[in-house]
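Chemist: Attaching a predicted model along with its sequence, questions to come.
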Amino acid sequence: MAADGRHNTPMCPNCRSTLVTFELESIETDHCVECGGTWLDAGELERIVESAGGDPAPLRALLEAEKGEKHGRRTCVRCRAKLRLARVRGVEVDRCPHGHGIWFDKGEIANVAKSFTGGAEGAVGGFLGDLFKAEIKGG
């Protein structure tokens with residue numbers, strides 16, 4: 001385990017492939033190039049919404065209230081605890097019971113961001129596109 005509490009090589013909770021870390025504007029996301037899922041550490045989704053011009057307060061309140069009652073089949077990227085299934089504005093996501101982060105299957109992150117950002121929806125999509133494009137180009 002690394003000094004910051006992270007496992008040295010984060011593995012995809014869905015397909016067990018190695019996750020690739022993308023960074024833009026000091027926001028890091030862990031992405032699986034095999035299945036298209038994305039892991040966001042605690043607070044990163046709110047920072048993405050904020051960077052795109054949206055208000056993260058409603059999202060933060062919902063995430064704090066929605067703990068998830070059922071265990072899913074996946075494990076946390078950081079602590080390996082069984083993730084809990086939580087419904088966020090109609091989208092079922094996998095959430096660490098210890099608050100380390102949230103797993104989004106391909107397409108889910110856009111649906112959650114859309115429900116909280118209204119007019120900033122395109123900006124959130126653009127931010128995520130820039131994030132992955134910058135990393136692929138080596139920037």
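Modeler: Sure thing, it's come through.

Chemist: Can you tell me the element the residue nearest to the spatial centre of the chain falls in?
Modeler: Nearest to the geometric centre of the chain sits residue 40, at 2.8 Å (CA atoms, centre = their mean). Using DSSP states H and E, residue 40 falls within strand 38-41.

Chemist: Residues in contact with stretch 99-106: which ones?
Modeler: The contact list for stretch 99-106 (CB atoms under 8 Å, 6 or more residues apart in numbering) reads 13-14, 35-42, 44-45, 63, 74, 76-79, 83, 86, 93-96, 112. Backbone N, C-alpha and C define where each C-beta goes, glycine included.

Chemist: Would you show me how to pick out the buried ones of those in PyMOL?
Modeler: Restricted to buried positions by 16 or more other CB atoms under 10 Å, the PyMOL selection for these reads:
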select buried, resi 13+14+37+38+39+40+41+44+45+63+74+76+77+78+79+83+86+93+94+95+96+112
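
Chemist: So which of the contacts of stretch 99-106 belong to strands?
Modeler: Among these, the ones falling in strands (DSSP state E) are 38, 39, 40, 41, 74, 83, 86, 93, 94, 95.

Chemist: could you pull out the helices for this protein?
Modeler: When assigned using DSSP state H, the helices of the chain occupy the ranges 44-51, 57-65, 108-117, 121-136.

Chemist: buried ones in the second one?
Modeler: Yep, that's helix 57-65 we're talking about. 59, 60, 62, 63.

Chemist: helices or strands next to it in the packing?
Modeler: Under the contact definition 3 or more CB pairs under 8 Å, 6 or more residues apart in numbering; DSSP states H and E, helix 57-65 sits against helix 44-51, helix 108-117.
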